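[1] coordinates for the following, if possible.
(2 chains)
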Amino acid sequence: MLSVLVWVPIVGALVVAVLPESSIQVSARRVALAIASFILLWSVYLMLQFNVAESGWQLQESLPWIKELGLVYQMSIDGLSLPLILLNSLLTLIAIFATDLNINRPRLYYSLMLVLSGAVAGAFLAQNLLLFFLFYEVELIPLYLVIAIWGGARRGYAATKFLIYTAASGVLILVAFFGLALVSGLSTFDYEALRSHSLPLSTQLVLLITLVIGFGIKIPIVPFHTWLPDAHVEAPTPVSVLLAGVLLKLGTYGLLRFGLGLFPEAWSVISPGLATIAVVSVLYGSLAAIAQTDMKKIVAYSSVGHMGYIILASAAATPLSLLGTIFQMVSHGLISAMLFLLVGVVYSKTGTRDIGVLRGLLSPERGLPLVGSMMVIAAMASAGIPGMVGFIAEFLVYRSSFPVFPVQTLLCMIGTGLTAVYFLMLVNRVFFGRLPEALSDLPRVKWRDRIPAGIIAILIVVLGIQPNWMLRWSEQTAVAMGTNTLDRVTAMQATEAVENLEATEVPAVKVSLTLD
Amino acid sequence: MIELLSQTSWWVPAYGLVGAVITLPWSIGLVRRTGSRPAAYLNILMTVLALIHSSLLLWAVWDAPPERLLIPWLHAPGLDIWLTLLTSRISVGGTVIITALSLLAQVFALGYMEKDWALARFFGLMGIFEAAMSGIVLSDSLFMSYALLEVLTLSTYLLVGFWYAQPLVVTAARDAFLTKRVGDLLLLMGVVTLSSIAGSLDFTHLALWAQTAQLSPLVANLLGLALLAGPVGKCAQFPLNLWLDEAMEGPNPASILRNSVVVGCGAYVLIALQPVLALSPLALTTLTVLGALTAIGASLVAIAQIDIKRALSHSTSAYLGLVFLAVGMQQDEVALLLLFVHGLAKALLFMSTGSIILTTSTQDLTEMGGLASRMPATTTAYIVGALASIGLLPLGNFMAMVEWAEAAWVVAPWLMGVLVAVNGLTAFNLVRVFGLVFWGKPQAKTRRAPEVGWLMAVPMITLMIFNLLAPFILEKFQMLPNWNDPNRGLVLVLICSSLVGCGLGAWLYLSPEKPKLVGAIATPLREVLADDFKMNRLYQFSVVFAVLLGSRLAAWFDRYIVDGLVNFVGVASIFSGETLKYTISGQSRHYLLTLFIGILLSITVLSWTLWEWSPTLHSLALRAQP
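    Numbers count the residues shown, from 1 in each chain, chains lettered A, B, ... in the order given. Have a look, this model is predicted:
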């Protein structure tokens, strides 16, 4: 069941790669679209199979692979991965649909996109640490290649930077995973086995911090974010859509699944630090976005800021905040994908993304009025205007983090105001005003350019008005994760208290214990 | 029937929303063949339905106790959000006023915007406006009110930016959005805090909670100030008052609503929040101080304006300042009364202004004159609106001001001074505008000025009648002052202040041999007033400065420190590779030697180095490749 999400795209990629030469543009695109649509339908089917009342793993699959290594092909889904799987399937389809019709080397391009989708799905589904790592690394290769081959002028620089950073992230994660397997002495990479095994706090801290940095590069958190604006600026539009929409979520997903899930005690120790990092990310990303002149860079820095909210709510780690985290992941995935799509349309029609040059694109007859209107919607959704998904996601994040980290939450909220500032500047400069002569005969915008963003816009509004349609899928999982963390932390504090008591007051008991 | 009506109270806001959605095919250009008129008609139809529904509802709830309607909206662990509606005589009365004014403004817009190509978009936005406002009035939940206030912010932005091709409009829209956003953001902080510490966000619950809440003074004060900030922004109070003035760049029919009921919505939320604000003495003091400052300051600024819409919009700020003061005095009834009568009068003044602007194609007071004989209906509307705005004849605002004065006299007599000043200055200002626009000799732009068509005249006359009937409506709502024991002194002072203001205005602007005011007031003072007390500078040097500085710093740091460091590592590795290649001689024994040393070195390094370091090696290797 679940493996379909991984292997159909990968096999499909092989099929695309060996398609005959004649009219390859059309046929490769059609096959890729067909596979992506099938995957989306399959994800919806899985969603219908999913039992909302259950908090744990569902639809499990297990196949022994390399037993000596502790590597088992084990896949399953829960309320944390389900929304991300759907997001991945949807955005893959949209990214493939939004691809330029006359792209160079279509076979390779569409194959890589499909491999990317399959690998990401695998990473979200893997229930074995090593398996997760494999998919996490596999996803890098196609992404590196699509940026390096189909990117903009400085694609070599951006792609290498991306690869180095993410490889470093991968190594850190691998180190933490190996360390965990070794230290725990279980010689397995099974998630559940490792999760129920409790390590001493100091060991946990070392492993968790390694993991946080590893995933932090991917999310990205400040100061490891610098690969992101470059990668976005150079990547072609569909890749930006996937990168911002899905791939960054791998980082936060990993943080929640492996950081919080495996080391809840250590998590509670470092969470104030994480919340502070979140504040820095939010404010730094938002402020840096204000100073940018490239539309893609503005959106990229806004991603840095908005991923900060996810870290804030993850740090709080209460049931409500974890639910808010998942919701914000989906919300950011949709909104940033829409923003990148629209920026892509503007770029393909005008040939520039410089907000100093563009002006008056809302002009009804000769400009891009509908694209501009959708840009206003996307910008407002990102700025957290009610009626759209961004508002309720951010509200949940703030509301749930406030009792735990009041000061950090209030500081993060300033980021919402700053978001309004940079997106308003963007909309005002690029879309308002009078259309200059230089931009007066733009190529016509086709419905094909508008549909992807339009679909996302509908989702943004629908989920903004009916947030429960999304929340219900993740509620039980979030509650389970939150209460589990709470239980483990309380247990740890209780043991500490007992130990302190023993150390100070009743040495006799300790002696008798050792005698036993 | 009554049951059914109050169960369907949420339909009232829904009509406007449906109207807005219906216009989509026209506003995005799917339907071109019919032009955008049908969209406008459909929207007006929806507003008529909303008006009928809310009128029926008012009839139904007239004698009924207030009833709450709970709509479950969001369910999450530890957080349930209900959209709570409260149907009472006051809230439903509010929706009637809003839908009625919206209907009048929309019919007016049919005439005013006759030749505009984007009519559908305008009516769609008006639909959202109307929906959000009637939602706020009905709402019994701070969460919902907050959300709808934000929707109002958005639609204000889009309505002000309606003619987005003009540069002034662009900045006006931006300022309107950002200024309100500052208030909204602080309000959001308050909402989040309140939601965490008080549990439910229903106003009814909050009022009960506030009676027993034990908060530390710091928390209470911060909370109170945060909650205050939203209404301050929405009601254009000092220091977030400038947007209303700039918003006058937008189409006039939207200004009618904005100056009457939209600003009122902020005050309405403030009234609902009053029990929570009472927890913090500091917040109440701030409320009073801001209200008093705005009331007098904005009245002064209004006098110095030469743009007809701006002259009136500043006086809106001033009246909302009076509303703030009423809330600060804990006189909710008076505040509501003032909102109602001010809304009626201001809407009429703005309709009349709209006719003038459409006919003369100018907003500059100095270019006008002599319209009285040419546009009788507009002139009458203006006169009625002006009289209803000041405390002279027993029309709407006179009643409200008497109530206000009686309340103030008990609480803090010095507040009478504020009222007298606002009333006198407004009277002066209204006569000044009258003199410049309708009196005197016609100028180039006002020479050929026919009366406006019936589409604009009918709403204007209707509203005029409503203004004249206001005292009777108030009587029906039992909101009239108690005449059994009136404080004759206060009434006399009020009338005197109006008379002095009018007389001074008449002397300066109505007399044939106009004494020049220009010389009467020192130029710097005039400029300061005309420039809104240089408020722009205040923004420039505080918030704008901080954000710009922060963003430049962040960008600089990002470019030169964070990225610079990364690039330095890259460049250094490439440089070392480039340098090393000159050691290559081409002789095979050198290669063998290099190979040998290399193997030795790598074995040593590998055995020594912890493999945590491998990312650096990895990156070096990759860097060196190209």
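[2] ok, B:G161 touching B:D175?
    No. Under the criterion of Cβ atoms under 8 Å, B:G161 is not in contact with B:D175, lying 10.6 Å apart. To be clear about C-beta, it is placed using only N, CA and C from the backbone, and glycine gets the same treatment.
[3] with neighbour numbers in mind, choose between those two.
    Neighbours per residue, other Cβ atoms under 10 Å in any protein chain shown: of B:G161 and B:D175, the larger number sits with B:G161, 26 against 21.
[4] which strand or helix spans residue 99?
    Since no chain was named, I'll use chain A. If you go by DSSP states H and E, A:T99 is not part of any helix or strand.
[5] looking at chain B here, not the other one
    Assigned by DSSP H and E, B:T99 falls in helix B:89-112.
[6] could you dump that helix to PDB, C-alpha only?
    The C-alpha trace of helix B:89-112 is given here as PDB (Å, rounded to 0.1, in the frame of the first residue of the first chain):
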ATOM      1  CA  ARG B  89     -31.800  44.600  20.200                       C
ATOM      2  CA  ILE B  90     -28.500  46.500  20.000                       C
ATOM      3  CA  SER B  91     -26.500  44.000  17.900                       C
ATOM      4  CA  VAL B  92     -29.300  43.400  15.400                       C
ATOM      5  CA  GLY B  93     -30.000  47.100  15.300                       C
ATOM      6  CA  GLY B  94     -26.400  47.500  14.400                       C
ATOM      7  CA  THR B  95     -26.800  45.100  11.500                       C
ATOM      8  CA  VAL B  96     -29.800  47.000  10.300                       C
ATOM      9  CA  ILE B  97     -27.900  50.200  10.300                       C
ATOM     10  CA  ILE B  98     -24.900  48.600   8.600                       C
ATOM     11  CA  THR B  99     -26.900  46.900   5.900                       C
ATOM     12  CA  ALA B 100     -29.000  50.000   5.300                       C
ATOM     13  CA  LEU B 101     -26.000  52.300   5.000                       C
ATOM     14  CA  SER B 102     -24.300  49.700   2.800                       C
ATOM     15  CA  LEU B 103     -27.300  49.500   0.500                       C
ATOM     16  CA  LEU B 104     -27.500  53.300   0.300                       C
ATOM     17  CA  ALA B 105     -23.700  53.500  -0.400                       C
ATOM     18  CA  GLN B 106     -24.000  50.800  -3.100                       C
ATOM     19  CA  VAL B 107     -26.800  52.500  -4.900                       C
ATOM     20  CA  PHE B 108     -24.800  55.700  -4.600                       C
ATOM     21  CA  ALA B 109     -21.900  53.900  -6.100                       C
ATOM     22  CA  LEU B 110     -23.900  52.800  -9.100                       C
ATOM     23  CA  GLY B 111     -24.100  56.500 -10.000                       C
ATOM     24  CA  TYR B 112     -20.700  57.500  -8.700                       C
END
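[7] chain center to it, what's the gap?
    Taking Cα atoms, centre = their mean, to the nearest Å, the mean C-alpha location of helix B:89-112 is offset from the chain mean by 17 Å.
[8] now residue 490: which helix or strand?
    Picked chain A for this. Assigned by DSSP H and E, A:T490 falls in helix A:468-504.
[9] meant chain B, my bad for not saying
    helix B:488-505.
[10] and the strands in chain B, which stretches?
    B:67-76, B:79-87 (DSSP state E).
[11] same check, this time on the stretch 51-200 of chain A
    A:58-66, A:71-77 (DSSP state E, counting those that start in this stretch).
[12] weakest of those by average pLDDT?
    When those are compared by mean pLDDT, strand A:58-66 comes last with a mean of 84.
[13] could you identify the longest helix within chain B?
    In chain B, with assignment by DSSP state H, the single longest helix is helix B:167-198.
[14] which other helices and strands contact it?
    helix A:389-401, helix A:406-430, helix B:142-160, helix B:203-212, helix B:217-234, helix B:242-246 (3 or more Cβ pairs under 8 Å, 6 or more residues apart in numbering or on different chains; DSSP states H and E).
[15] in TSV: the ones you listed, plus mean pLDDT.
    Shown next, in TSV, are the helices and strands packed on helix B:167-198 (pLDDT from 0 to 100):
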stretch	mean pLDDT
helix A:389-401	93
helix A:406-430	91
helix B:142-160	91
helix B:203-212	88
helix B:217-234	91
helix B:242-246	84
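[16] and the ones you listed, which is most packed in?
    Mean neighbour count (mean count of other Cβ atoms under 10 Å in any protein chain shown) peaks for helix A:389-401 among the helices and strands packed on helix B:167-198, with a mean of 28.
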